[in-house]
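1. Below is the sequence, then the predicted model.
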Amino acid sequence: MSTSNFYLESKDINVWFGERHVLKNVSLQFPSNEVTALIGPSGCGKSTFIRTLNRMHELISGAGLAGSVLLDGQDIYGEEVDPTSVRLRVGMVFQKPNPFPTMSIKENVLSGLKLSGRKNEISDDLVETSLKRASMWTEVKDRLNDPAISLSGGQQQRLCIARSLAMNPEVLLMDEPCSALDPGSTRRIEETILELKESMSIVIVTHNMQQAQRVSDKTAFFLAEDGNPGRVVEFGDTEDVFNKPIDPRTNDYVNGHF
Ligand code: ADP
Ligand code: MG
């Protein structure tokens, strides 16, 4: 039974790299059927934070963590919880598209299931559904056996989204998914995000202020001032954060003043 009103929720997340405190007391809620944008200057801890939401930060040596993350009410850092199972339920898409380049489009979609031993779920239907959800089925349905490297950058990124979706995640984390893409590919991914939010919770890091306003319901503004750890300065409805921010530093940032 869920003990939380929110689907994914961080509570007082703190992160250290060695002695260095890089994130302080980040408590945010990510409901189902909502997109949350994480914005803020480079180096303020957005990537570090998003990686704590599916225990990916544990793969970085020297990273220390305090706090908790609840997924449907359950602490993903609980002793009994297997980190791999968390990463299957909470998928991640990165800035640089990273499909397996020589593997076929179809094999890429199925690679997550294969690697995690869920081979019984593999089917042509799942390939089709996943590629449809990532808005690229019509483009690739006649070339499913071509290698991923034959796709454009934007298609490779949508293939990575399809690969995550094949796992049927409850949450999708996206760390600057469009930063390496052209405007047309960016628009297609934004449309995909808006369709996907009907069936999951989405967290997206973006430096594109228009993108944050186009796709997100909520926005969190992160800031790390004068060598202090990054923290959330403002969190609220995207419209409010952009149009009537409470903190003057939010107003400066969203208007390009730093
Ligand atoms: P953002 O994504 O907002 O640009 P990051 O989360 O990448 O910021 O980085 C936050 C801070 O943590 C930065 O000061 C960065 O140098 C530091 N940092 C990030 N990753 C590591 C790491 N693996 N080891 C040491 N320091 C790191
Ligand atoms: Mg980053």
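-> Here it is on my side, so go on. Ligands and ions are numbered 1, 2, ... in the order given.
2. what's the distance between the closest residue to ligand 1 within the stretch 51-200 of the chain and residue 18?
-> Nearest to ligand 1, among the residues of the stretch 51-200 of the chain, is residue 60, at 4.5 Å (C-beta to the nearest ligand atom). Where you see a C-beta, it was placed from the backbone N, CA and C, and this is true even at glycine. Relative to residue 18, residue 60 is positioned 11 Å away (C-beta to C-beta, to the nearest Å).
3. How about the contacts made by the residue of the stretch 51-200 of the chain closest to ligand 1?
-> 17, 51 (C-beta atoms under 8 Å, 6 or more residues apart in numbering).
4. per-residue confidence at it?
-> We have a pLDDT of 87 for residue 60.
5. Show me where this structure has its helices.
-> Using DSSP state H, the helices of the chain run over residues 46-52, 83-89, 105-115, 124-133, 137-140, 153-165, 183-196, 209-215, 238-243, 248-254.
6. List, one by one, the residues from the stretch 151-258 of the chain near ligand 1.
-> By the rule C-beta under 6 Å from any ligand atom, no part of the stretch 151-258 of the chain lies against ligand 1.
7. Residues in contact with the lowest-mean-pLDDT helix or strand in the chain: which ones?
-> When the helices and strands of the chain are compared on mean pLDDT, DSSP states H and E, helix 83-89 comes out lowest with a mean of 92. Helix 83-89 is contacted by residues 54-56, 58, 71, 76, 112, 116, 167, 169-171 when judged by C-beta under 8 Å, 6+ apart.
8. Redo the helices of the chain as a markdown table? Include mean neighbour count and distance to residue 231.
-> Putting the helices of the chain into a markdown table (neighbours: other C-beta atoms under 10 Å; distance: least, C-beta to C-beta, whole Å) gives the following:
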| stretch | mean neighbour count | distance to residue 231 |
| --- | --- | --- |
| helix 46-52 | 22 | 10 |
| helix 83-89 | 16 | 24 |
| helix 105-115 | 20 | 33 |
| helix 124-133 | 17 | 35 |
| helix 137-140 | 16 | 42 |
| helix 153-165 | 24 | 28 |
| helix 183-196 | 17 | 26 |
| helix 209-215 | 19 | 19 |
| helix 238-243 | 18 | 15 |
| helix 248-254 | 17 | 12 |
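9. of all these, which lies closest to residue 97?
-> helix 153-165 (3.8 Å; C-beta to C-beta).
10. Just give me the residue right at the centre of this protein.
-> residue 173 (1.4 Å; C-alpha atoms, centre = their mean).
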